[in-house]
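Asker: sequence isn't available, so here's the structure alone:
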């Protein structure tokens, strides 16, 4: 039983999700549903009002005719009952028969009816087939006034069954007392008329609602179809098919919109092609220059090493110049290597050499490589590693390069404060955060730190002599692993860089095991 309840609940939840998805994605469904609800409500209100007014008018006409019939029969009933002794049962019975014959023969303005005569003395014989008169109506008639009441009446023609009816009563004065004369009007015909009216209004209202909904759907489709075509064309344009255009028909507003869209798409296509050509030329220039510089750089390196090795024999000025030449040549080689790496990414030839390794070893090697630099900065490297191995499919060389860049960047901007390196993991992903407590980032700079040659504060002295390409290359390395490289920072509170990698190659990341914000916030985990 429990399993059935769970299945039913799951089915209901699934149905709700499907309905919500259809409601959100389909403008036609929303318009049709809204039109159905609004039109149905209006038609219901109008239908109820019409039925109420017509039914009330039918019953009022019947009531007025019944009261008029009672007034007409009052004099005839009074003449017959004037000489009747209420104590003589036979006389009363004869009088009742005469009144019935007289009134039913002459009164037809209110339709078919039957008559019941009662007496306050209670000595009249009661017909077993007669309709019982409600006590409240008898009390009103006995107070010497004409009264009416809707109640069930017995119809002899229907086999003695009770049907809805109207009873009109009035007192009739006689020589020996006062009789109560009641007219019983079946409302069968009126009920049939009202039922027919209800069906007619219901069917007409339903047909009207369906017609309005159909018109709304038709009009909406005429508007939505061009919009849907424009959305599909936009999606194909965004996917790289720059030759896509919207078909143009007519000269209306939709056609003008399509023409404007096509003009915009053509302009974008030309601009994108121009930018692609420029980017291709730039990448080719960078790659060619980088490769061409390799040969002279090798010669310069040999000469520099020779001079640097003999600097102690030179005068102090020449020895210092040899040291500066050696240092700047190292920076130039690093810049050249980064340019070559960027050109590989731009050319789409970068490849992973993945293997299953313990991420702790890669992180430890990257941190150990910066111990000397950390001491020069006066910073402490605080490493937080899991106790057990964390196996992950990565290209160790590229991941170590990412971590080296992140740690070096944190030391450069940490202002001598501790730099914290933390490793976290779950069943699907592993994350490494590098946090410094230095100058931090200004608003908006977290999205710029991965741009090529971007620096947050060019005036700051940097012991590592960075090229401005380290974080850009690190971002490309992370993307090559289907991972994330994200940054957070606030001025005066330091910065956090988080690298998140899938533990298995090809797995799509959904969240990160470590927060990006120093205060854990679920929104930052995505």
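Answerer: Good, I have the coordinates. From a predicted model like this one, the values you see are computed outputs, not experimental measurements. Residues are numbered from 1 along each chain as shown.
Asker: could you list the domains of this protein?
Answerer: 1-242, 245-350, 355-525 (automatic domain parsing).
Asker: most tightly surrounded among the ones you listed?
Answerer: domain 355-525 (a mean of 17; mean count of other CB atoms under 10 Å). In short, each C-beta sits where N, CA and C put it, glycine included.
Asker: next helix or strand past the host helix or strand of residue 191?
Answerer: Taking DSSP states H and E as the definition, residue 191 sits inside helix 188-238. On the C-terminal side of helix 188-238, the nearest following helix or strand under DSSP H and E is helix 253-309.
Asker: now that following helix against helix 188-238, angle please.
Answerer: 40 degrees (axes from the mean of the first three to the mean of the last three CA atoms, to 10 degrees).
Asker: and the angle from the next helix or strand after helix 253-309 to helix 253-309?
Answerer: Next in sequence after helix 253-309, counting helices and strands by DSSP H and E, comes helix 316-347. If you take the same axes, to 10 degrees, helix 316-347 sits at 150 degrees to helix 253-309.
Asker: helices or strands next to helix 316-347 in the packing?
Answerer: helix 253-309, helix 470-480 (3 or more CB pairs under 8 Å, 6 or more residues apart in numbering; DSSP states H and E).
Asker: SS state for the most centrally placed residue in the chain?
Answerer: By CA atoms, centre = their mean, the chain has its centre lying nearest to residue 24, at 5.6 Å. Under DSSP: H, G, I helix; E, B strand; the rest coil, the three-state class of residue 24 is helix.
Asker: what sits against it?
Answerer: Neighbour list for residue 24: empty [criterion: CB atoms under 8 Å, 6 or more residues apart in numbering].
Asker: ditto for residue 482
Answerer: 501-502, 505-509.
Asker: is residue 67 in contact with residue 169, as I believe?
Answerer: No. Residue 67 is beyond contact range of residue 169, at 10.7 Å (criterion: CB atoms under 8 Å).
Asker: overlap of the contact sets of these two?
Answerer: 146, 148.
Asker: which one of the contacts of residue 482 sits closest to residue 485?
Answerer: residue 501 (9.6 Å; CB to CB).
Asker: in this structure residue 374 contacts residue 411, no?
Answerer: Yes. With contacts counted by CB under 8 Å, residue 374 reaches residue 411, the gap being 5.8 Å.
Asker: joint contacts of these two?
Answerer: Shared contacts of residue 374 and residue 411 (CB under 8 Å, 6+ apart): residue 419.
Asker: how much space is there between residue 284 and residue 90?
Answerer: 131 Å (CB to CB, to the nearest Å).
Asker: kindly report the same for residue 337.
Answerer: Applying CB to CB to residue 337 and residue 90 gives a distance of 134 Å.
Asker: and if you look at residue 77?
Answerer: For residue 77 relative to residue 90 (CB to CB), the value is 18 Å.
Asker: show me what contacts residue 262?
Answerer: 245-246, 248 are the contacts of residue 262 under CB under 8 Å, 6+ apart.
Asker: so what pLDDT did it get?
Answerer: Residue 262 is assigned 86 on the pLDDT scale.
Asker: what does residue 259 give?
Answerer: Looking at residue 259, the pLDDT reads 85.
Asker: distance of the nearest residue to it once chain neighbours are set aside from residue 255?
Answerer: Computed as CB to CB, 6 or more residues apart in numbering, the closest residue to residue 259 that is not its neighbour in sequence is residue 248, at 5.6 Å. Residue 248 sits 5 Å away from residue 255, going by CB to CB.
Asker: do residue 496 as well
Answerer: Residue 496 is 52 Å from residue 255, by CB to CB.
Asker: just residue 187 next, same as before
Answerer: For residue 187 relative to residue 255 (CB to CB), the value is 63 Å.
Asker: cool, and residue 100?
Answerer: 82 Å.
Asker: also residue 141?
Answerer: Counting by CB to CB - residue 141 and residue 255 are separated by 79 Å.
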